[in-house]
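Asker: missing the sequence, but the structure's below:
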């Protein structure tokens, strides 16, 4: 999120990922939500003779241990395996489309996918989604720095800036009524289809002022003091491959069919069909027919290129 100097509202994501609050932080209050499969059409069993097409399932790329990506960039995690096995028991298969949470939930709302493997049940979502029975209860927390005092519950957040993940149930909870809280969410992130992400892929949207005095304290339009943070959107096209430890910075657009080398820090746009690498990342050359595996028979061995 924006800064370790902003108050941050975390949902169950942090506890699931690390088992404890982040270093130098402490929990002061808990929120709870039931989690279940969600869909617009529901899950239905069919007979083998019907040969129903695979169910289109959306899944997050970075919500371990529930939804994540394996080394090949495919959907993985406890909730992914649970919906996959549930469908298999009903003679159904699943195809997965992966992305950031706010994008994934949009796919379901527009009918581009038919189900999600893990969704917190909230009043806002009940008006849109059809839920199965819950299969777990998850908890979130208000998390502050160890050296912060005076925050023991929601009422103590009034007049403060609170960072949340855009579209998360924590954001829905805080916006459900006027609490006098300045809610900071991130910029839009768009990730296309059939992308491969290596280990430790990082995508960030928040930015801070360059001047130290402006990072410490600014004033809002009404003259109230605040710590300023803003964000720029990030867009990734289709059929891209990101090597290990790639960092994509705020405001970047990466075109279709790009390859980004391991360890790259992408600070500017990358045009389609480009091989780019480095820190800062730069376009090294275009990807052409000469890169086809048909020219590497020793690597292909007994395999063959289709099309």
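Answerer: Structure received. Since the model is a prediction, treat every value here as computed from it, not as a measurement.

Asker: got the buried residues for stretch 131-140?
Answerer: 131, 132, 138, 140 (16 or more other Cβ atoms under 10 Å). Bear in mind the C-beta positions are built from the backbone N, C-alpha and C, glycine included.

Asker: Which other helices and strands does the helix or strand that contains residue 85 contact?
Answerer: Using DSSP states H and E, residue 85 sits within helix 78-89. Counting contacts by 3 or more Cβ pairs under 8 Å, 6 or more residues apart in numbering; DSSP states H and E, helix 78-89 is packed against strand 25-39, strand 55-60, strand 94-99, strand 115-120.

Asker: Let me see the domain layout of the chain.
Answerer: Domains of the chain are assigned by automatic domain parsing as 1-185, 186-307.

Asker: least reliable of the ones you listed going by mean pLDDT?
Answerer: Note on the domains of the chain: domain 1-185 shows the lowest mean pLDDT, a mean of 74.

Asker: that older thread, contacting residues around the helix holding residue 85?
Answerer: 35, 37, 43, 55, 57, 59, 65-67, 93-94, 96, 115, 117-118, 135 (Cβ atoms under 8 Å, 6 or more residues apart in numbering).

Asker: among those residues, which ones are buried?
Answerer: Buried by 16+ other Cβ under 10 Å: 35, 37, 43, 55, 57, 59, 66-67, 94, 96, 115, 117-118, out of the contacts of helix 78-89.

Asker: Take those and write them to CSV, including distance to residue 306.
Answerer: Shown next, in CSV, are the buried ones among the contacts of helix 78-89 (distance: Cβ to Cβ, whole Å):
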residue, distance to residue 306
35, 39
37, 33
43, 32
55, 25
57, 24
59, 26
66, 33
67, 29
94, 22
96, 21
115, 29
117, 29
118, 34
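
Asker: any idea which element residue 173 lies in?
Answerer: helix 169-175.

Asker: which helices and strands does that helix pack with?
Answerer: strand 7-10, strand 25-39, helix 123-126, strand 182-184.
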